[in-house]
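Chemist: Sequence and predicted model, in that order:
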Amino acid sequence: QVRLQHSSLNRTPEERETGTWIVDVSHDTESCEGIDTVIMEATVTGPPLRAGPGYEMVPGIGYYKFHTQAQLWEDARKTCAREGAHLAVINNEVEAKALQQIFARYPSAAGSNNNDYAFIGVNDINVEGQYVTIFGQDMKSTGFSRWMSGKPNNGGNPKTVPGHDCVTVYRTDGSMNDLPCTWKLGFFCEQEF
């Protein structure tokens, strides 16, 4: 018999975890000098944490939220972190399409420099032309690098510092563009499963 005790008494209904709990139990018997020993191992896997308010689940990928109050890239990064999330990092075409579909439902972000773009979690702030995720990983490791035609281009001047150092997703087709981190744009936060 496996007994699992779990409480959510101090949580609001929105904060309570729901979903299937999986318990895997394995056992083995070993003999040593005529003495049998039973070894049991149990692994308990709980449901993914529920995302915060305004997040929507994309099955098999994660939870996403488009923020409609435009912010500078660094402020957007901090906002996502306060929500227990991070600026979205696109890993494949399916994820790019999901963000594009969410983006399509929000025609504008208040105070945005350009409503066709939204910040994501990639930049080349430290070394021009070397794009990394907010986790410090080379962007190539994400598996997604579909840029708009002629991009990235650092605003047309590869020597301008600071230049266009923060990566955005384009509303129309989900491709990426480099824009100034000092622009205020809508942005996507991501909470992974």
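Modeler: Thanks, I have the structure now.
Chemist: List the buried residues in the longest helix seen in the chain.
Modeler: As assigned by DSSP state H, the longest helix anywhere in the chain is helix 93-104. For helix 93-104, the neighbour count (16 or more other CB atoms under 10 Å) marks 95-96, 98-100, 102-103 as buried. Backbone N, C-alpha and C define where each C-beta goes, glycine included.
Chemist: As a check, name the ranges of all helices in the chain.
Modeler: 73-82, 93-104.
Chemist: can you tell which of the ones you listed is closest to G52?
Modeler: G52 lies closest, by CB to CB, to one member of these: helix 73-82, at 9.7 Å.
Chemist: Pull out the buried positions in the closest one.
Modeler: By 16+ other CB under 10 Å, the buried positions in helix 73-82 come out as 73, 76-77, 79-80.
Chemist: just these now: which is nearest A51?
Modeler: A51 lies nearest to C80 out of the buried residues of helix 73-82, by CB to CB, at 11.9 Å.
Chemist: What distance do you get for the closest residue to the closest one other than its chain neighbours to G34?
Modeler: Leaving aside its sequence neighbours, C80 sits nearest to C189 (CB to CB, 6 or more residues apart in numbering; 3.8 Å). Noted for C189: a distance of 60 Å to G34, by CB to CB, to the nearest Å.
Chemist: Those two: who's more crowded?
Modeler: Set C189 next to G34 and count neighbours by other CB atoms under 10 Å: C189 wins out with 28 against 5.
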